[in-house]
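K.L.:
here's a sequence, model it:
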Amino acid sequence: MHEMSILQRNNGLPSETLVPILHFCNYKTIIRLSMTCKRLYEIVHQSTSIQLHIELEAGGLEIVGRPLKAGANYASILGELKGYQDAWLNFRLGPHFQQPFPDLRTGTYHPQLSDKTYFEALLQPDDEGDYIADYPLNRIQVVDFDSSTNPLLNFKKKFEVFTTDLKQDLIVLIQYNHEHLTSAIIHLHHISTGVPHSLARFPTLTARFEDDASEEPPSRSIYVCSMVMRDVIVVNFAPRYRGASRYGDVVIWNWQSGVLLGRILSETDGTAPVFFDKDHLLLYSFPPNSSIEPNSTGSNQVALLIYRVPTTAAMVHQELPNADVYVPSCPSLEPTLILDFPTLHSAYRVDEHILLKTQARPGDVAYRGLAKVAHSHISTVALRLSVAQKNRPKGEWRSTTHYSIYVKLNFLLDYLSENQVGEMTTVHWSQWGAAATRWFINNETTEQSASCGSLHLRFHRGYDATRLMSLLVFDPHIISRQTVHALDEIEQQKVLQGQGLDFLGGTLDCIKLLVPFVDTDLGPDVDRRIASNLKTVIHTGFEEPVESTLRFMVVNRLETELTHVKWYLHGEYLIGGVSAVSIQAFKTKTNDSYVLAKPNLELCIFLSLQTTVFA
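P.N.:
Residues are numbered from 1 along each chain as shown. Model (predicted):
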C-alpha cells in the first residue's frame, strides 16, 4: 500500500518514468493502481512489459537469463506465454514417439523428473542367483526427452530412495531400514560420472536416531524422501503408518559444507514438506504445541506451516560441519508463519491429512521458447483432509468425510516480505482462508492426480474403455480471459454444497451427458466449465460452516484409447505410465495467433512404464 500512495501522488510523471517504477511493484499493486485513474489504467494496459510482468508474477513464473532467441521482445514473449497456457487449457495433443524401456524389475513408486529428464530407480540382480525384491534398489534408468540414448546408471551402492538435481549434476541416494529406523546413510554423487560429488565436503552423511526397538510396537514402517534446493538438502523421516508415535523428523543440511542447518519435528501422516520458494519450506501438519498424546483422539485443527531455511552463515558459529549427526539432539526450528485451518467440531477428529506432491519446484523450467521461463515459487498446493466421527452408534460404520482442498499461495509473498526477522506469526482462517481456497467433498478413491503450478490433473478410469482426464485450473488471471460454459442451477447448487467434483470431472456417467463445448480449437471431446463467482460452504465436521471462494475452471477430455495408469505434470510435458514397456511423446497444436514465434509448441510426453510401478 506504501507503493500505491507514492505512485498516486506522482501519477503526473511521464509514462517513460512511471513504467520502470511500476516494475518494482507486485502485480496486485499494479492492478489496483490501474483502477485509481484513467491515465494509470492506460499506461498499465498499453505497456507490453507491464502486461508481461503481471502475467508472469500472477502465475508464479519468472524469466531466467536473457532471451534464448534473437529478435525476441516483450510482445513476442507475452504472446508465447499465453500460447503455452492456452495449449494446456485446450488439451491439444499431437503425434507421439515410442522408445523401449529395459526389461528390469521396477522398485519405486516415485520416479524423479528434472529438466526434461526422467529418472526411475530399478533393481537389477548383479548375479543370476540374486533374489529379486522391491528393495533395496541398485540402478537408475535415465530417459532424456530429447535423446535416444538413455543410460542405466550404476553407483555400486544399494539404496531405498533417491532425488536428483540436474543443474548441479547431483544425485542423492539414501539407505535405511524400512521397518526399524536407527540410522540413514545419504550418498552424494555426480550424475554424469557416478563418482562422489566434488562440491560435497562429506560425500556421505549419516543421520542417527534413538533405538526404539524395546517399545510397543517394536518397529514401525518408515517413509523417507528428500529434495534439493541449491546447496540445501532436506530429508524427511516420518512414520508411514500411525503407531506408537506420529512424529517425524525433517532434517536440513547444507550438502556442500556438511553443516546441519536445522531439524523440524513434524506431526504428519508421512507427508513431506515442499519448498514454497528457494528460501522457505511449507509443511501441512498440526500446529506446534498441539500436544497430541499416543492414546488421545487427536488434534481438532490442522495448519500450513512456513519455515525459513537457515543459511550456513547463520549456523556456522553454532554447528561445525559433521558427517555424522544424532538427530534427537538437534534443536528444532520454529515456523515463521502459521496458517490456521477451521477448527473441527468436538465430535470429530482428523483422520488423515496429506499434502499432495507438486511436480514443479521453485527454479524448475516451465517451458523454453523465446525465453526460458521458470517457476519462481509454488503457486498452488492440493491437500487432502479426512475427518471422522470420534464415536459411532452401536452397529454402524464410523462416518468419515474426505475433502480435497486447493490453496492459492500467492498471498504468502506479502506476509513473508513483511516478516523479514522471522518471528512466528499466526494467521487465522478468517483472515486468509475463504479467498485463497476451494473445498470439494471427494470420496473418490480410484482417481490419479498430479499438480504443477496452478494446474491440477485428475484422471478417472471407467468400467468400460472410457477414461476421463480433467484439468483443474486455479489461476483467476488466466481464467478471466477464457470462454467457457456457464453452470445451470443444479450445477451451481453442487458447487455451493462442495459437490463440484461430481460434475467437474468427478463422475464418468455424468460427464458423458454433458454437451461438448463446440469450438474449432477444442474438438468434440473437450468440455470446459467455470465456477467463478460461486462460493462453497462445507458443514460436516467443523464448528462453523467453512466458506471458500477461490475461482476455478475445469477442462474435461474423454479418452477411449489411452491405457495410462499414472500421470505426472512436468513443465511443457504430460507424462503417463502404461503397462507397455515403452515411451510415448505427444505434441500439441497451438494457435499461430497466440504463439507468435513457435506455432508447434511441445506440450505432452507420455512415459510408459511397467505396471509393477503402480501396483
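K.L.:
burial count for Pro151?
P.N.:
Per other Cβ atoms under 10 Å, the neighbour tally for Pro151 reads 13. Any C-beta I mention is one placed from the backbone N, CA and C, and that applies to glycine too.
K.L.:
report the separation between it and Thr193.
P.N.:
Separation of Pro151 from Thr193 (Cβ to Cβ, to the nearest Å) stands at 11 Å.
K.L.:
also Leu472?
P.N.:
Leu472 is 42 Å from Thr193, where distance means Cβ to Cβ.
K.L.:
neighbour count winner among those two?
P.N.:
Legend: neighbour count by other Cβ under 10 Å for Leu472 and Thr193, higher for Leu472 (25 against 11).
K.L.:
quick one: pLDDT of that one?
P.N.:
Here the pLDDT value assigned to Leu472 is 87.
K.L.:
in space, what's closest to it - neighbours in sequence excluded?
P.N.:
The shortest distance from Leu472 to any non-neighbouring residue, by Cβ to Cβ, 6 or more residues apart in numbering, is to His456 (4.4 Å).
K.L.:
quick one, what contacts the one you found?
P.N.:
By Cβ atoms under 8 Å, 6 or more residues apart in numbering, His456 lies in contact with 380, 382, 406, 449-450, 471-474.
K.L.:
what helix or strand is it on?
P.N.:
Element membership of His456 [criterion: DSSP states H and E] is strand 455-461.
K.L.:
that strand pairs with which strands, and in what direction?
P.N.:
Note on strand 455-461: by DSSP bridges, its sheet partners are strand 448-452 (antiparallel), strand 467-473 (antiparallel).
K.L.:
need those in JSON lines (columns: distance to Leu370).
P.N.:
Formatted as JSON lines, the strands paired with strand 455-461 follow (distance: least, Cβ to Cβ, whole Å):
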{"stretch": "strand 448-452", "distance to Leu370": "21"}
{"stretch": "strand 467-473", "distance to Leu370": "24"}
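K.L.:
wasn't Leu56 part of a helix?
P.N.:
Yes. Secondary structure assignment places Leu56 in a helix (DSSP: H, G, I helix; E, B strand; the rest coil).
K.L.:
can you count the residues close to the residue lying closest to it once chain neighbours are set aside?
P.N.:
Once flanking residues are discounted, Leu56 sits nearest to Glu62: 6.0 Å by Cβ to Cβ, 6+ apart. Counted with other Cβ under 10 Å, the neighbours of Glu62 add up to 16.
K.L.:
Glu62 touches Lys372, doesn't it?
P.N.:
No. Under the criterion of Cβ atoms under 8 Å, Glu62 is not in contact with Lys372, lying 9.6 Å apart.
K.L.:
that older thread, can you list the strands that the helix or strand containing the residue nearest to Leu56 pairs with?
P.N.:
Assigned by DSSP H and E, Glu62 falls within strand 61-64. Within its sheet, and counting by DSSP bridges, strand 61-64 is paired with strand 372-375 (antiparallel).
K.L.:
okay, the angle between the top helix by length along the chain and strand 448-452?
P.N.:
With secondary structure taken from DSSP state H, the chain has its longest helix at helix 74-89. Calculated by axes from the mean of the first three to the mean of the last three Cα atoms, to 10 degrees, helix 74-89 forms an angle of 170 degrees with strand 448-452.
K.L.:
which element follows the helix or strand hosting Val407 toward the C-terminus?
P.N.:
Following DSSP H and E, one finds Val407 within strand 400-408. Proceeding C-terminally, strand 400-408 gives way to helix 412-418 as the next helix or strand, assigned by DSSP H and E.
K.L.:
distance from the chain centre to that next one, please.
P.N.:
On the basis of Cα atoms, centre = their mean, to the nearest Å, helix 412-418 sits 20 Å off its chain's mean C-alpha point.
K.L.:
what helices or strands is that helix leaning on?
P.N.:
Packing partners of helix 412-418 (3 or more Cβ pairs under 8 Å, 6 or more residues apart in numbering; DSSP states H and E): strand 337-340.
K.L.:
mean confidence for the strand it packs on?
P.N.:
95.
K.L.:
so which elements touch it?
P.N.:
By 3+ Cβ pairs under 8 Å, 6+ apart, strand 337-340 packs against strand 303-308, helix 412-418, strand 425-427, helix 429-436.
K.L.:
so which residues make contact with the first one?
P.N.:
Around strand 303-308, the neighbours that count as contacts under Cβ under 8 Å, 6+ apart are 264, 273, 276, 279-288, 333-341, 407, 412, 416, 422.
K.L.:
which of those residues are buried? Put it as a PyMOL command.
P.N.:
Listed next is the PyMOL selection for buried residues among these, using 16 or more other Cβ atoms under 10 Å:
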select buried, resi 264+273+276+279+280+281+282+283+284+285+286+287+288+333+335+336+337+338+339+340+341+407+412+416
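K.L.:
where does the stretch 101-250 of the chain have low pLDDT?
P.N.:
Judged by pLDDT under 70, the stretch 101-250 of the chain has its weakly predicted residues at 101-110, 126-135, 179, 211-222, 239-246.
K.L.:
and the helices in it?
P.N.:
For the stretch 101-250 of the chain, no helices are identified by DSSP state H, counting those that start in this stretch.
K.L.:
how about Asp144, nearest residue that isn't a chain neighbour?
P.N.:
In space, Asp144 is closest to Thr117, 5.3 Å off (Cβ to Cβ, 6+ apart).
K.L.:
quickly list what the residue nearest to Leu56 is bridged to.
P.N.:
Glu62 has these beta-bridge partners by DSSP bridges: Ala374.
K.L.:
related to what we said a few turns ago, run the chain-centre distance for the strand holding Glu62.
P.N.:
Computed by Cα atoms, centre = their mean, the chain-centroid distance of strand 61-64 equals 18 Å.
K.L.:
in that strand, what's buried?
P.N.:
Neighbour-count burial for strand 61-64, counted by 16+ other Cβ under 10 Å, picks out 61-63.
K.L.:
go through stretch 415-429 and flag the buried ones.
P.N.:
Residues of stretch 415-429 classed as buried: 415-416, 427, 429 (neighbour count, 16+ other Cβ under 10 Å).
K.L.:
looking at the residues you listed, which is nearest Leu574?
P.N.:
Nearest to Leu574 among those is Leu416, at 31.4 Å by Cβ to Cβ.
K.L.:
wait, that closest one touches His280, no?
P.N.:
Yes. In terms of Cβ under 8 Å, Leu416 counts as a neighbour of His280; the distance is 6.6 Å.
K.L.:
shared neighbours of those two, anything?
P.N.:
Here Leu416 and His280 share the contacting residues 306, 336, scored by Cβ under 8 Å, 6+ apart.
K.L.:
would you single out the least confident of the helices and strands packed on strand 337-340?
P.N.:
Averaging pLDDT over each of these puts helix 412-418 lowest, since it has a mean of 88.
K.L.:
which residues sit against it?
P.N.:
Contacts to helix 412-418, defined as Cβ under 8 Å, 6+ apart, come from residues 26, 276, 280, 306, 336-337, 377, 425, 427.
K.L.:
render the CA-only coordinates of it in PDB, please.
P.N.:
Only the C-alpha atoms of helix 412-418 are listed here, as PDB (Å, rounded to 0.1, in the frame of the first residue of the first chain):
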ATOM      1  CA  LEU A 412       2.100 -15.700   1.200                       C
ATOM      2  CA  LEU A 413       4.600 -13.400  -0.500                       C
ATOM      3  CA  ASP A 414       3.100 -10.400   1.200                       C
ATOM      4  CA  TYR A 415       3.300 -11.900   4.600                       C
ATOM      5  CA  LEU A 416       6.800 -13.100   4.200                       C
ATOM      6  CA  SER A 417       8.100  -9.800   2.900                       C
ATOM      7  CA  GLU A 418       6.600  -8.100   5.900                       C
END
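K.L.:
quick check: domain ranges of the chain?
P.N.:
Domain assignment for the chain by automatic domain parsing gives 2-71, 155-342.
K.L.:
make TSV from these and add distance to Gly500 to it.
P.N.:
Compiled in TSV, the domains of the chain are given as follows (distance: least, Cβ to Cβ, whole Å):
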stretch	distance to Gly500
domain 2-71	23
domain 155-342	19
